[in-house]
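S.K.: I would like the atomic coordinates for the input below:
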Amino acid sequence: MRLLVGSDVLSDTGKWHAFERIAELAPPYIVARPGHEHPDGHAALLPDVSSTRIREALAQRGDADAEAVLASSVPRAALAYITEHGLYQR
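M.R.: Numbering: from 1, shown residues only. Predicted structure coming up:
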């Protein structure tokens with residue numbers, strides 16, 4: 001098993017709970033992200049999805065641009081669960 005992680009979050013692994021243990025269990029496979037080059041980064045054909053951008057869109061529910069981001073990035077069932085449980089509200 002491998003942990004797929006974008007090169008943009010590598011500087012934050014110190015904030016993760018037990019990252020060293022996670023890395024032992026699932027060695028990270030680093031995917032290069034624009035503006036965050038890393039010598040071990042691999043090119044990958046992945047959608048341009050950012051958890052930060054999704055959280056920001058969730059905080060701006062009702063805004064047309066935010067709703068477009070959510071519609072293209074988050075499954076409907078996940079959005080329903082988030083709404084039902086009041087998650088990601090500011």
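S.K.: could you use CA atoms for every contact and neighbour count after this?
M.R.: Will do.
S.K.: can you count the residues close to residue 70?
M.R.: 20 (other CA atoms under 10 Å).
S.K.: just checking, it touches residue 58?
M.R.: Yes: counting by CA atoms under 8 Å, residue 70 touches residue 58, with 7.4 Å between them.
S.K.: got the domain boundaries for the chain?
M.R.: Here the domain parsing of the chain from automatic domain parsing is 1-44, 51-84.
S.K.: comparing those domains, which yields the minimum mean pLDDT?
M.R.: Lowest mean pLDDT within these: domain 1-44, a mean of 86.
S.K.: first-to-last residue distance for that domain?
M.R.: Taking CA to CA, to the nearest Å, domain 1-44 runs 18 Å from one end to the other.
S.K.: what do you get for stretch 9-23?
M.R.: Terminal-residue distance, stretch 9-23 (CA to CA): 14 Å.
S.K.: list of residues touching that stretch?
M.R.: With contact meaning CA atoms under 8 Å, 6 or more residues apart in numbering, stretch 9-23 is reached by residue 3.
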